[in-house]
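Kindly generate the corresponding structure for this input.
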Amino acid sequence: MKTVLKTFAAALLLGVAAMGGVAKAEQVKIGVAAEPYPPFTSPDASGKWVGWEIDFIDAVCAEEKLDCVITPVAWDGIIPALTTKKIDLIVSSMSITAEREKTIDFSDKYYNTPTAIIGPKDQKFGATPDDLKGKVIGVQVSTVHAVYAKKHFTGAQEIKEYQTQDEANNDLAAGRLDAVQADSIALGEFLKSDQGKACCDLKGMVAPDDEVLGPGVGAGVRKEDTALKEKINAGIKAIRSNGKYDEISKKYFDFDIYGGAPQSN
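As a prediction, the model looks like this:
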């Protein structure tokens with residue numbers, strides 16, 4: 001009987017040891033703006049978050065064996081949510097800028113697209129400061145577009161800030177704005193919609209300003225989380241090298257989103 005008990009105890013200890021040896025994936029709360037931002041991030045009919053950025057970070061997390069959980073947060077509170085540890089990473093089309101780097105750090109760039117101006121179809125104008133003199137321009141609050149418009153479009157009648165991009169687009173369609181500035185891909189999605197097709201068209205791309213618009217989009221991370229930043233950078237490099245990045249991108253775009261021109265939120 002003693003031999004049986006010893007054998008059972010030894011087997012139990014081995015089982016516990018084996019379970020302890022299984023590495024549990026590190027959980028990372030991925031902060032995304034709690035609003036539809038197609039084709040990057042949007043909730044589907046079931047409430048699941050989908051889009052290019054979701055597929056992208058899923059691939060990075062799989063590569064680095066991270067247990068990533070999508071966590072929607074109001075856009076204008078997303079940096080405070082990161083610094084107070086409500087989330088661990090921002091993956092929400094956030095441009096890398098010197099101003100933001102005073103508070104948080106960023107991963108390497110993972111995409112970069114131009115900044116555009118759209119307006120009513122029946123009005124002919126471009127995207128220069130002279131073109132936008134006297135106009136009411138809509139931008140999303142706490143974005144590089146708001147900063148850019150205030151810096152460059154000083155002759156505008158008004159720069160109106162909105163909590164979400166959808167609100168700005170809706171006011172443009174309703175005739176309450178003369179123009180909207182935002183990411184060219186996000187505005188392109190709006191122009192493809194029934195509402196966008198009916199009201200508006202592309203007026204042009206704004207002139208570069210690297211100081212305001214930054215070198216591209218990165219994942220926001222707390223300054224002290226250097227190990228997580230290194231993992232995200234390694235994951236980005238891996239999926240860029242093994243073809244997964246291009247495979248994901250081809251589902252959404254017919255051009256190279258990695259790009260080289262400044263943009264985003």
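
what sits against A146?
Listed by CB atoms under 8 Å, 6 or more residues apart in numbering, the contact partners of A146 are 139-140, 159, 161. Placement of C-beta: from N, CA and C, glycine included.

Recalculate using a threshold of 7 Å.
By CB atoms under 7 Å, 6 or more residues apart in numbering, the contact list for A146 reads 139-140, 161.

May I ask which of these has the most neighbours?
When neighbours are counted by other CB atoms under 10 Å, Q140 leads those with 28 neighbours.

my guess is that residue contacts A168, does it?
Yes - counting by CB atoms under 7 Å, Q140 touches A168, with 6.2 Å between them.

what sits in contact with each of these two?
Overlap of the contact sets of Q140 and A168 (by CB under 7 Å, 6+ apart) consists of Y162.

hang on, the earlier thing: now, which of the contacts of A146 sits nearest V69?
Using CB to CB, Q140 comes nearest to V69 of these, at 25.1 Å.

how close does that closest one sit to V206?
For Q140, the distance to V206 equals 15 Å [CB to CB, to the nearest Å].

same thing with Y37?
19 Å.

Centre of the chain to stretch 152-165, how far?
In terms of CA atoms, centre = their mean, to the nearest Å, the centre of stretch 152-165 is found 21 Å from the chain centre.

cool, and stretch 215-225?
11 Å.

got it, and stretch 140-156?
Distance, centroid of stretch 140-156 to centroid of chain: 19 Å (CA atoms, centre = their mean).

Buried residues, it. List them.
140, 142-149, 152-153, 156 (16 or more other CB atoms under 10 Å).

I185 against N112, yeah?
No - with contact defined as CB under 7 Å, I185 does not count as touching N112 (10.6 Å).

which residues of the chain score low on pLDDT?
Low-confidence segments of the chain, defined by pLDDT under 70: 1-24, 260-265.

make it 50
For the chain, applying pLDDT under 50 flags the ranges 1-22, 260-265.

Okay, strands next: where are they in it?
26-33, 42-43, 49-50, 66-73, 89-90, 105-106, 115-120, 136-140, 158-162, 179-183, 200-205, 220-221 (DSSP state E).

Pull the residues that contact the second one.
Yep, that's strand 42-43 we're talking about. Outside strand 42-43, the residues within contact range by CB under 7 Å, 6+ apart are 36, 49-51.

Adjacent strands (with direction) for that strand?
Using DSSP bridges, the strands paired with strand 42-43 in its sheet are strand 49-50 (antiparallel).

Residues in contact with the strand it pairs with: which ones?
Under the criterion CB under 7 Å, 6+ apart, residues 32, 41-44, 70 lie in contact with strand 49-50.

between the residues you listed, which is nearest F190?
S42 (12.6 Å).

and the closest one, what are its bridge partners?
Here S42, judged by DSSP bridges, has bridge partners V50.

Tell me how far it lies from A33.
As judged by CB to CB, S42 and A33 stand 10 Å apart.

which one of those two has more residues nearby?
Using other CB under 10 Å, the more surrounded residue of S42 and A33 is A33, with 25 against 17.

If I follow the layout properly, that one ends up in contact with G77?
No - between A33 and G77 there is no contact under CB under 7 Å: 9.7 Å.

quick one: contacts for I70?
The neighbours of I70, taking CB under 7 Å, 6+ apart as the test, are 30, 32, 49, 54.

Who is it paired with across the strands?
Beta-bridge pairing of I70 under DSSP bridges involves I30.

residue ranges of the helices in the stretch 151-265 of the chain, please?
Along the stretch 151-265 of the chain, counting by DSSP state H, counting those that start in this stretch, helices occupy 165-173, 184-192, 194-199, 210-213, 226-241, 244-250.
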